[in-house]
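A.B. asks: please find the sequence and the predicted model below.
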Amino acid sequence: MIEIALKALFILIYATFIGFMFMGMIRIVTARIHRRVGPPIYQPILDTIKLLSKKSNITHGLIYDFGVIYALGATILAIMFIPLGNIGVLRAYGDLVLITFLLEIPMLGIMFAAMSSGNPYAGIGAQRALLTMLAIQVPLGFAIVALAEYYGTFSTYEIVMAQQSMGWSITALPLLFAAIAYDLVLQAMFGKEPFDIMIAPGEISLGPMVEFGGKHMGILQIQHAIALFGETLFFSNIFLGGAAITIFGSSILNTIATLVVLLIKQTAVLLVATFMGAIFPRFTIDQATRFYWKWPTIIAALGAILATL
Amino acid sequence: MNELAIIVFAPLLAGALAWLIEVKGIREIIGVIGAVLPLGLTALLYQKTSEGLNFAVNVGSFNLTFGLNHLNWFFVAIGTLVGFSAILAMVSTAKNSYEWLFALMSLSGVLGVFLASDLMTFFIFWEIMTFASFMMVLHYNRAASLKYFLLSVFGAYAMLIALGIIYAKLGTFDFGAIQQAMYQEAYATAFGGETIMSKSESALIYILFLIAFGVKAGMFPLHVWAPDAYSETNQSYTALFSGVLSKAGVYGFVLLYVLMGTRLAIEFGAFRSATKFGYVIAFLGGLTIIVGGLLAALQEDIRKLFAYSSISQLGYILVGIGVGTALSIQAALFHALSHALFKGLFFLIVATIVYRTGKTTFADMGGLAEKMPLTFAMAFVAILSLAGIPPLVGFASKWVLFEAVISQNLPILGGMVFFGSAIGFVYLIRFVYAVWFGQRPTDLDETKDAPLPMAIAMAILALFNVILGIAPGLVAKELNKIFGKEVIGGDLFILDLGFGKYNALAVTIYLVVGIIIAGIIYFLGAKVRKVPVTDTYQSANPVTMEYNLTIRRNFFLPLKETLAFWLRISFDRLYRTIGTWVEDLAEVMRTYIYNGNTQSYAWYLVILLLILALWGV
Amino acid sequence: MVDWRLYEPLINFARKRSMWIVAFCTGCGGIEMPPLATSRYDFERFGIMPNPAPRMADLFLITGYVTPKTLKRIIITYEMQPDPKYVLAHGSCPLNGGVYWDGYNAIKHLDKYLPIDVAIAGCMPRPEAVMDGIQKMMELIETGKADGWKRYKENYEYYKKNQDELFGEGWREKTARRWIPWLMDKKKEVREE
């Protein structure tokens, strides 16, 4: 019992720290692409401390507060299910469909909180975020279907174990298609260009985030960090082979090696997303919807159909 | 055995009494007693279902038989629970005793449909149920009720023809006898022997039943009656209408499997690990999910939004039934239960809103969360359930359905089901933003919260949503009993399907822990001060309550533009065009043949007698 | 519960190294913000980021001249920011009127209506001067002397009296109502005072 609590706490702290490093990495890599110096890599931690230490905060009602807390709670719940080497707390129950659903719930909580402020920018932002989410469901669904059909199981842990012996998922053709479609979906899930229509800084004053300040924004930064960690970890586990190293004798060295390998894979996913984000401008919402319902859907559906043969 | 009679006939008697006795207080009490009796008896009869109760009434030359087994009990439990909540809410919103009579009559009808154990009883109570719900819609809007009536009658005639064929070929109406006969026919077909019904006849029966049950369940091309009929009636009654009466269509499909499934499977073969006839049902169900969901997002009227949402959720159930394995039918039944629970709750919420504010379009509402906090809390639970968020019951049923469909290697259906759950988020956010949040129009400033009977009814349904979500094993146990084997394993909190597991208790505990951690971080910060809704950033322009800044109309305009091409296809218009053609044809016949002219009638008589004389009669 | 004063050095370090600017370019000095943000005089290395929502921002750059029409919006935005918040007056116009010292509709003394922490003179100050000003601002935050927000809260009657004298009492509702006919009936004639 104590062991589970300690493991969960370790996962939480590790996820938050690495998530902040990822957010900082996005900023510094984008800055270097623009040939600037860029902020230090621990910048998001400073941002969060500054936001949480604001001396006055406002609220628009109970749902405004509760939605933000619920979003962070749901993200913490989501990362408990994703296998993290051999430390995963609930990894026996980490189902593909469950994790996909759980990674989308925080957005619902943020939408609730944003809309309760009654700001029309938040309303438009919520509408665009929802339509983007609707657009990404179709290739996402086909990618999950392709995975489940290929491996014959829904459990993420078993997929990781199967990859240890069969090689990475992307070496199989149907899953390569699914991985390409899922990577395009990840761009929208991170909220990076060209699909950051839901955030749209400057166009609708950050959309749903327009009325969040002070400690609410601090909590949302923590949520963004943990969500980044969770989504990259999920992608690495199901498509890039995960990691379950057992070559060393002591379990601590094994754990450290597993975490390092996973970190390298997650950073690779993040860098691909950052590079794509630095190049493209923003799509409008109907362009984004039409894009997602055309090419990624076709690629993912092809992957799903090939996987069932 | 007498209990079954009470379950079926008590609401009808209570309704008749309530209609006759026009006194306001006593009428409500009689009505509620009429709805409580079936609920209590259903709970008590749970022990006896394994024995199988029977009850027969002799009416002239044939018997009306009722029977209770595990499958029936499941549907009767759904029916009485949601029915009781709806009738309890009708205590506040019913306008006159006409509505009491027909609401209770339809409850009686649907319970009779579920408990029937031969086809004639099934048909009679199906007609009673349709008639009563038609009268409820007629009270409010004649055009909507006419559309509902025509489509239902079309389906009922199809069922009558199918019944006739079965009786002519097999000579009996009883379910048990028909099932035995069909098994024998199935084996005869498999081994190349003689069968009573030919292939085309069984295909005909299948198509007729598909039309009949599809109309009731709101399947894709036959769904056009649902939005108008669900909107234009007493909204508490719609909780019963869409929660329970549509399940009669679902029960019909399950009955189709029970009676004729083996025969049709062997007759028509399989299509990639699902039977061909099942795949038709499933594919139409998938189309229903998509069409219902997308149209729901574009509606401007609250009642129509939830009506289309009902159609969309029934598509899920049809996909589950269509795929045909034991697990997927269990998933479909589980989703039937959770749909009845959360959709009943939603329609009660809509009934409260309409009752208290008197308005039904989104453009007139806003900012009701402060004025109606209890209703908003219930709406929160219902929204989480429909969107499929753990740990509520909507997620458990959707999860089982999704796994059941994908494990059968049907990728297109899997993609459709996944799409449907995202659509759920979309129209729910529309509902929440336009009704509960934002600036409040000044004429809604004195809205009161839900009246007591409706509050109790909503609380009952919400409680079941939460309990069955945290402990889905309760439902899984009942479903396993229907099939007699352990299809969904696990214990009270865990659903174990062999290739996937879902632990509801762990999800709940960790969610609570996560919320506590977030709450700790929240409370470590500075205290908050509440600001009014006008203190919001509108590019630093000052904001007053006099100009509405909340987007209530055309919220999903980009979606409408993206789907502009597909929205031009409309089955509603197709049916109207067919209706106009039939009217024109009738007009032509009336002008030329039935033209009221005595001389032409005399000619008809002469020609007819001549033909008969030549024929030698 | 927890005595946050023990953590003041860390919190001040975080506050000075992550100032977020409200992306509200008030006057002709708005042209000076892009050179600061681009590669030559990159201010993101100090953690400064432009942010469109005032609820999350703490630094307000008043760049250039201020008219009453703009001042109304500046005050509304300033009051929406959470404490602690800082104002950097950029250019000579907020100090003493600058080139518009005899104009009838430019505000000569911004300090009467809004508390200013650091002022940078110049008609437009060069980016190096602005960097200098930002360094001074960071020094003030570190030593705890950047207390414009405290001054605003304590002397609120003084600021409010000056604002009401300039705009008239109840100016928020009046301004909002003045724009409603334009929004609703599409009347294109609105005189803003």
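C.D. replies: That came through, no problem.

A.B. asks: ok, the spatially most central residue of chain A - contacts?
C.D. replies: Chain A has A:E231 as the residue nearest its centroid, 2.9 Å off, counting by C-alpha atoms, centre = their mean. Each residue near A:E231 by C-beta atoms under 8 Å, 6 or more residues apart in numbering or on different chains is listed here: A:L103, A:L186, A:M189, A:F190. Any C-beta I mention is one placed from the backbone N, CA and C, and that applies to glycine too.

A.B. asks: is chain B within reach of the helix or strand where the first one lies?
C.D. replies: A:L103 belongs to helix A:96-115 when elements are defined using DSSP states H and E. Yes. With C-beta under 8 Å from any C-beta of the partner chain as the threshold, helix A:96-115 lies in contact with chain B, specifically through A:L96, A:V97, A:L98, A:F101, A:L102, A:E104, A:I105, A:L108, A:M111, A:F112, A:M115.

A.B. asks: how far off centre is that helix?
C.D. replies: Remark: helix A:96-115 is offset 11 Å from the chain centroid, using C-alpha atoms, centre = their mean, to the nearest Å.

A.B. asks: report all helices and strands that the helix or strand following that helix contacts.
C.D. replies: As assigned by DSSP H and E, the chain's next helix or strand after helix A:96-115 is helix A:120-151. Judged by 3 or more C-beta pairs under 8 Å, 6 or more residues apart in numbering or on different chains; DSSP states H and E, helix A:120-151 is in contact with helix A:96-115, helix A:156-166, helix A:173-190, helix A:285-308, helix B:393-406, helix B:411-436, helix B:557-562.

A.B. asks: what's the most buried one of those?
C.D. replies: Per-stretch averages of neighbours, counted by mean count of other C-beta atoms under 10 Å in any protein chain shown, single out helix B:393-406 among these, with a mean of 29.

A.B. asks: what average pLDDT does that helix get?
C.D. replies: Averaging pLDDT along helix B:393-406 gives 87.

A.B. asks: quick one on the thing from earlier: out of the contacts of A:E231, who's nearest chain C?
C.D. replies: Nearest to chain C, judged by C-beta to the nearest C-beta, of the contacts of A:E231 is A:F190 at 17.8 Å.

A.B. asks: I'd say the closest one and A:A225 touch.
C.D. replies: No. With contact defined as C-beta atoms under 8 Å, A:F190 does not reach A:A225; the gap is 11.7 Å.

A.B. asks: which bits of chain C sit near chain A?
C.D. replies: C:4, C:10-11, C:13-15, C:17-18, C:20, C:23, C:38-39, C:42, C:44-47, C:51-56, C:58, C:81-84.

A.B. asks: on that earlier part again, give me the element the residue nearest to the centre of chain A is part of.
C.D. replies: A:E231 belongs to helix A:214-239, assigned by DSSP H and E.

A.B. asks: now do that helix: distance to the chain's middle.
C.D. replies: 5 Å.

A.B. asks: next SSE downstream of it?
C.D. replies: helix A:251-279.

A.B. asks: check the closest residue to chain C within the stretch 501-617 of chain B and give its pLDDT.
C.D. replies: Residue of the stretch 501-617 of chain B nearest chain C, by C-beta to the nearest C-beta: B:A540 (3.8 Å). We have a pLDDT of 78 for B:A540.

A.B. asks: residue contacts, the residue nearest to it when sequence neighbours are not counted?
C.D. replies: Spatially, and ignoring its direct neighbours in sequence, B:A540 is nearest to C:R73 (3.8 Å; C-beta to C-beta, 6 or more residues apart in numbering or on different chains). Listed by C-beta under 8 Å, 6+ apart, the contact set of C:R73 reads B:S539, B:A540, B:N541, C:F24.

A.B. asks: what residues of the one helix or strand C:R73 maps to count as buried?
C.D. replies: Element membership for C:R73 (DSSP H and E) is helix C:68-80. By 16 or more other C-beta atoms under 10 Å in any protein chain shown, the buried positions in helix C:68-80 come out as C:P68, C:T70, C:L71, C:K72, C:R73, C:I74, C:I75, C:I76, C:T77, C:Y78, C:M80.

A.B. asks: these two touch, right, the first one and C:F167?
C.D. replies: Yes. With contact defined as C-beta under 8 Å, C:P68 counts as touching C:F167 (6.6 Å).

A.B. asks: which positions in chain B make contact with chain C?
C.D. replies: So far as C-beta under 8 Å from any C-beta goes, chain B lies against chain C at B:L524, B:D535, B:Y537, B:S539, B:A540, B:N541, B:P542, B:V543, B:T544, B:E546, B:Y547.

A.B. asks: and these as a markdown table, adding neighbour count, distance to B:K247 and secondary structure?
C.D. replies: Listed next are the residues of chain B next to chain C as a markdown table, based on neighbours: other C-beta atoms under 10 Å in any protein chain shown; distance: C-beta to C-beta, whole Å; DSSP: H, G, I helix; E, B strand; the rest coil:
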| residue | neighbour count | distance to B:K247 | secondary structure |
| --- | --- | --- | --- |
| B:L524 | 14 | 49 | helix |
| B:D535 | 17 | 48 | coil |
| B:Y537 | 23 | 48 | coil |
| B:S539 | 11 | 51 | coil |
| B:A540 | 18 | 54 | coil |
| B:N541 | 13 | 52 | coil |
| B:P542 | 19 | 53 | coil |
| B:V543 | 22 | 47 | coil |
| B:T544 | 16 | 49 | coil |
| B:E546 | 13 | 47 | coil |
| B:Y547 | 13 | 46 | coil |
